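Student: Sequence and predicted structure below; questions after.
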Amino acid sequence: MTQAFFTGFITLMSLILAVGAQNVFILRQGILRRHVLPLCLFAAASDALLIWTGVIGFGVLAQMAPGVARLMTWGGAVFLCIYGALRFRAAYRGDYRLELGEGGQSLKMTLMTLAGFTFLNPHVYLDTIGLIGAVSAQYEADSLRYAFATGASIGSLVFFCALGFGARILAPIMQSQKAWRVLDVLVGMTMWTIAAVLLHS
């Protein structure tokens, strides 16, 4: 069971380390030091839900309803394009009083944005329900598959907490409007690049 647990942990880490919209958003909130713990818990819980769905055996959903995957791809691309445009607009305007001071988006709105990055991204279903589910199939015993899923779920929690709280290291660098403009341009480019990859995949 220990081997299955660590296999799940390492498999999840290998998938989640790639730069994605969800990761970039949590990194940005971590720099702001706003709603970090709820965001990390929400992201990890969402991953756990999808991981266990894949391991328990519902990875066949994509085969049963192939149109759903295409719909999610277009919806995710539109969401990423809009958010990227908002970041470019923020960089153009250069008004970062909220980022440099107090205030900002409410917890509810922040969680809704993260939910969009999480559940409107078709790649998250491929990685969790598809790939994680497929890898777990190597274990015939339910106990081993569950240990694998537990390891993957904990791996997600460890990663998001490290990302969100580790981002505070960058906080001293982000004390100028110029630094925030650079970050928002990079975030906008990342979002549009991921959207383009989605549409061409």
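Tutor: Now that the structure is in, tell me what you want to look at.
Student: so who does the spatially closest residue to Ala44 that is not a sequence neighbour touch?
Tutor: Using CB to CB, 6 or more residues apart in numbering and skipping residues adjacent in sequence, the residue nearest Ala44 is Leu157, 3.9 Å away. Where C-beta positions appear, they are placed from N, C-alpha and C, glycine not excepted. By CB atoms under 8 Å, 6 or more residues apart in numbering, the contact list for Leu157 reads 40-41, 44, 48.
Student: Look at Glu140 and give its secondary structure.
Tutor: Put simply, Glu140 is coil when judged by DSSP: H, G, I helix; E, B strand; the rest coil.
Student: Let me know how buried it is, in neighbour terms.
Tutor: Glu140 has 7 neighbours, counted by other CB atoms under 10 Å.
Student: Now do stretch 163-180: distance to the chain's middle.
Tutor: 19 Å (CA atoms, centre = their mean, to the nearest Å).
Student: so Cys81 makes contact with Met191?
Tutor: Yes - the criterion here is CB atoms under 8 Å, and Cys81 meets it with Met191 at 7.2 Å.
Student: And the two? Which one has more around it.
Tutor: Set side by side, Cys81 and Met191 show more neighbours around Met191, with 26 against 18, by other CB under 10 Å.
Student: quick revisit: just put the contacts of Leu157 in a markdown table and tack on neighbour count, distance to Leu126 and pLDDT.
Tutor: A markdown table is the format used below for these (neighbours: other CB atoms under 10 Å; distance: CB to CB, whole Å; pLDDT from 0 to 100):
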| residue | neighbour count | distance to Leu126 | pLDDT |
| --- | --- | --- | --- |
| Cys40 | 24 | 23 | 96 |
| Leu41 | 15 | 23 | 97 |
| Ala44 | 19 | 19 | 95 |
| Ala48 | 18 | 17 | 94 |
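Student: What is the nearest of these to Val185?
Tutor: The shortest approach to Val185 among those belongs to Cys40, at 25.3 Å (CB to CB).
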